[in-house]
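Novice: Okay, predicted coordinates and the sequence, questions at the end:
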Amino acid sequence: MIFFPLPFLTAFFLIYILLHLSRYVGRGLPTLVLITIAAYALQSVLLGLHWGLGTIPPNVIISFANILPPLTWLALNQMAGRIDYKKRLLVVAGIVLLLVALNTAFALGYTSQLDLIAIANYTIFGAHLMWLGSRRDLDWFSSRPLNAILPIQRAFLIAATLLIISACVDALVMADIQMNDSQISSALIGYSNLTLLVILSFVFLRSGTNTSFKATSARVVAPVSDDQISAQDILDRLDAEMSENHLYRSESLTLDQIARRIRIPYRQVSVAVNSVRAMNIPQYVNSFRIQDACRILEETDTPVTEIVFEVGFTTKSNFNREFHRVTGFTPSAWRARARSRNVPQRAPQATGKSGKKNHFHSDQTA
């Protein structure tokens, strides 16, 4: 019977994801993200060789495993636009020093301490990514396309979860080696890779190509800070900009661009939308996109595939999901319903937490 370690299957799937994402390298996706995915694929190969065939030295496994958490942290923060060149150099220098320290400790025989370092490494970086991904403010996404904000947040949370799971698996393997003479370590590694494979498959198949990595350019008009302006006044300005100038139709629209158009600091814009409309910025923008889509569906025979891009969405799957969330119908059902009554159907309106009328229903807050 042919022996095929499960980590190899994980590696093949990661390589497939790597090839898929390589299309976005020239469209805003940092090369470091691809390097990180390639590193995880290589680690899976090394684990398969180590636990299946026993041909990889332990210090190589330990060293390679310990660079993945900081590399993941660096790649995600670069993708979110939160880290500059100097900080990247500092993190890379830290990784090099960590490798030197780990191999020195291994040469001196401190192997048990190395396991504890790996567990702490995965836990610390995983916890920090979890904290960053769960933050409710959008300050650090102000220059990112709104279509990319939620996928990036999910990437932070998923990466954090995987790092914390890895820390737990490492702790169990260390306990098994010390207390049970490594009786179940191979099984633990196999099941953890199976879990990773299931999570990656679910995320990849669910997300498809929803994430937009298109680079954006900001307007040169500087925002004017006015602490006295009310949240409702900000919304009035924003509503007018959306309705009159159709700002939402830009698929690469960012919070920073919105703030510059109405000359209000982006933090105040985000807070105003959340407090008055009880929704976050992407939901607010998508409400206008869906409203426009409803109008086009009612008044024209334009195919849905063309409407998707005309109103500012980047993928049909994201458009369909938002359309159903907002209206409760599919686009084709909305068009058929409107025409069966021979009158245009008004896009649904709802009242937010504050009692103010929203353009659309929203079941989430920023």
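Specialist: All right, it came through fine. Owing to the predicted nature of the structure, the values given are computational and were not obtained by experimental measurement. Numbers count the residues shown, from 1 in each chain.
Novice: who's in contact with G312?
Specialist: Y248, R249, S250, E251, L253, V285, R289 (Cβ atoms under 8 Å, 6 or more residues apart in numbering). Every C-beta, even on glycine, is put in place using the N, C-alpha and C of the backbone.
Novice: Let me know the secondary structure of it.
Specialist: Taken by DSSP: H, G, I helix; E, B strand; the rest coil, the conformation at G312 corresponds to coil.
Novice: Got a PyMOL select line for the buried ones in the contacts of G312?
Specialist: Selection of buried members from the contacts of G312 for PyMOL, criterion 16 or more other Cβ atoms under 10 Å:
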select buried, resi 248+249+251+253+285+289
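Novice: Need the worst-confidence member of the contacts of G312.
Specialist: Ranked by pLDDT, the contacts of G312 bottom out at E251 (77).
Novice: That one should be in a helix, yeah?
Specialist: No - with three-state DSSP as the criterion, E251 is coil rather than part of a helix.
Novice: for it, phi and psi?
Specialist: Phi and psi for E251, reported as degrees, to the nearest 10, are phi -70, psi -20.
Novice: do T254 as well
Specialist: Taking degrees, to the nearest 10 as the convention, T254 sits at phi -120, psi 160.
Novice: what bridges to it?
Specialist: Under the criterion DSSP bridges, T254 forms beta bridges with P145.
Novice: Disregarding residues adjacent in the polypeptide, which is nearest to L74?
Specialist: Counting by Cβ to Cβ, 6 or more residues apart in numbering, V91 is the residue found nearest to L74 once chain neighbours are left out, at 4.9 Å.
Novice: just the contacts of G312 now: which is nearest R277?
Specialist: V285 (11.3 Å; Cβ to Cβ).
Novice: Give me the contacts around stretch 59-70.
Specialist: Stretch 59-70 is contacted from outside by 36, 39-40, 42-43, 46-47, 50, 91, 94-95, 98-99, 102-103, 106-107, 114, 117-118, 121-122, 124-126, 163, using Cβ under 8 Å, 6+ apart.
Novice: Out of these, which end up buried?
Specialist: Using 16+ other Cβ under 10 Å, the buried ones in these are 36, 39-40, 43, 46-47, 50, 91, 95, 98, 102, 106, 114, 117-118, 121-122, 125-126, 163.
Novice: Among those, which lie within strands?
Specialist: Taking DSSP state E, every one of the buried ones among the contacts of stretch 59-70 sits outside strands.
Novice: what's the distance between the spatially closest residue to F125 that is not a sequence neighbour and S192?
Specialist: Excluding its sequence neighbours, the residue lying closest to F125 (Cβ to Cβ, 6+ apart) is P69, at 3.7 Å. Computed as Cβ to Cβ, to the nearest Å, the P69 to S192 distance reads 15 Å.
Novice: between these two, who's got more neighbours?
Specialist: Using other Cβ atoms under 10 Å as the criterion, P69 and S192 rank with P69 on top: 25 against 22.
Novice: And that one, how close does it get to L76?
Specialist: In this view, P69 and L76 are 11 Å apart by Cβ to Cβ.
Novice: Then G312?
Specialist: Relative to L76, G312 is positioned 26 Å away (Cβ to Cβ).
Novice: can you pull the contacts of L116?
Specialist: Counted by Cβ under 8 Å, 6+ apart, L116 has contacts M174.
Novice: start to end distance for stretch 253-273?
Specialist: 16 Å (Cα to Cα, to the nearest Å).
Novice: buried residues in it?
Specialist: Buried residues in stretch 253-273, counted by 16+ other Cβ under 10 Å: 253-262, 264-270, 272-273.
Novice: was I right about S22 contacting I37?
Specialist: No - between S22 and I37 there is no contact under Cβ atoms under 8 Å: 9.7 Å.
Novice: would you list the contacts of G312 in CSV and tack on distance to Q183?
Specialist: Conversion of the contacts of G312 to CSV gives the following (distance: Cβ to Cβ, whole Å):
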residue, distance to Q183
Y248, 59
R249, 61
S250, 59
E251, 55
L253, 56
V285, 55
R289, 57
